[in-house]
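Colleague: Sharing a model that was predicted from the sequence below.
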Amino acid sequence: MTAKFLFGLAAAAAATILPTLAVAQNAPNASASAEALAQELDGDSITVGIGAGYLPDYEGSDDYRWTPVPGVIGSVSGINFQVLGNRASADLIPNTSGSSWDLQAGPLGVINFTRTNRASINDPRVRALGERDTAIELGGFVGIGKTGVITSPYDRLSVSVSYRHDVSKVHRSGIWQPTINYFTPLSTKSAVGLFGSVERVETRYLRTYYDISPAQSAVSGLPVYRNKGGWNSWTAGAIGTYSLTGNLLKGFKIVGGGTYRRLINDVADSPLVKVAGSRNQWLGVVGLAYTF
């Protein structure tokens, strides 16, 4: 399961707890409705869910598979947190009630399962390259968000940058990821979002997952290749959520979305991508969540 896919799912989960006050403008008592929902939003909230993800066998593969993706996202005493599949993060700067600006900073961690299970890879040439150990990547992020930007007083635009480093001595390198997110509520029952990111990886990451040694070339039939590192991809995606019971701040909801990821530079030229896979990576998820 790729970190990029779960980043998309994290964006989806975040959309389920966005302010959904725009519909209050059309209510008979607009100010009372807005105030009631605002007070509810300022309280503690936890969303749990399970989804089905459709993703490549490995980053760069042109073979796809379905996999379950569990998740939990919440806000307790102004601290926001997410645990989604193989990714966890927490914003340790409490949100200030009534403020339109939101400073963000906190830890994040990813369990990297890239090519850790040969049975999940369909291409026999890539299977012949062998498995990799599971990497534990730890780091942090900083960002800033603004509420009331484009479509209404309740939409939200945020930018952030994260860095994480392998602490398990598998690829022994780091990953930078600047990100931009935009979310807007359509009513008390629905919300949509757009997001984009770019990723820069250090040399040893690409050499761990995308290099092919002479010995590996002999057993796989793929040509010898050695990476240098650098910017390796950009991603764009969209997400939506619809409440089945209550509103987006309580009850059951459907969450769904997808991303397109383009591999670039050295990683795109690796035979694992150029010969055995594809630069174009499509990711999708549909799931059911409950907020209480």
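Modeller: Yes, it's here.
Colleague: So what's the residue count around the closest residue to N95 other than its chain neighbours?
Modeller: Spatial nearest neighbour of N95, chain neighbours left out: G78 (4.9 Å); criterion: CB to CB, 6 or more residues apart in numbering. (C-beta placed from N, C-alpha, C; glycine too.) By other CB atoms under 10 Å, 14 other residues sit near G78.
Colleague: so who does G78 touch?
Modeller: P94, N95, T96 (CB atoms under 8 Å, 6 or more residues apart in numbering).
Colleague: What does it show for phi and psi?
Modeller: For G78, the backbone dihedrals (degrees, to the nearest 10) come out as phi 80, psi 0.
Colleague: now it: how far from A90?
Modeller: For G78, the distance to A90 equals 12 Å [CB to CB, to the nearest Å].
Colleague: all strands of the stretch 1-150 of the chain, in order?
Modeller: Using DSSP state E, counting those that start in this stretch, the strands assigned to the stretch 1-150 of the chain run over residues 45-56, 64-76, 79-84, 87-91, 101-112, 135-147.
Colleague: Give me whichever of those strands is most buried.
Modeller: Mean neighbour count, computed with mean count of other CB atoms under 10 Å, is highest for strand 87-91 among those, reaching a mean of 21.
Colleague: how about it as PDB, C-alpha atoms only?
Modeller: Taking C-alpha atoms only, strand 87-91 is exported to PDB below (Å, rounded to 0.1, in the frame of the first residue of the first chain):
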ATOM      1  CA  ARG A  87       0.100   6.600   7.600                       C
ATOM      2  CA  ALA A  88      -0.400   8.500  10.900                       C
ATOM      3  CA  SER A  89      -0.100  12.200  11.700                       C
ATOM      4  CA  ALA A  90      -1.200  14.800  14.300                       C
ATOM      5  CA  ASP A  91      -1.500  18.600  14.200                       C
END
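Colleague: related to what we said a few turns ago, a markdown table please, covering the strands of the stretch 1-150 of the chain and showing mean pLDDT.
Modeller: Below are these laid out as a markdown table (pLDDT from 0 to 100):
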| stretch | mean pLDDT |
| --- | --- |
| strand 45-56 | 91 |
| strand 64-76 | 90 |
| strand 79-84 | 89 |
| strand 87-91 | 94 |
| strand 101-112 | 95 |
| strand 135-147 | 96 |
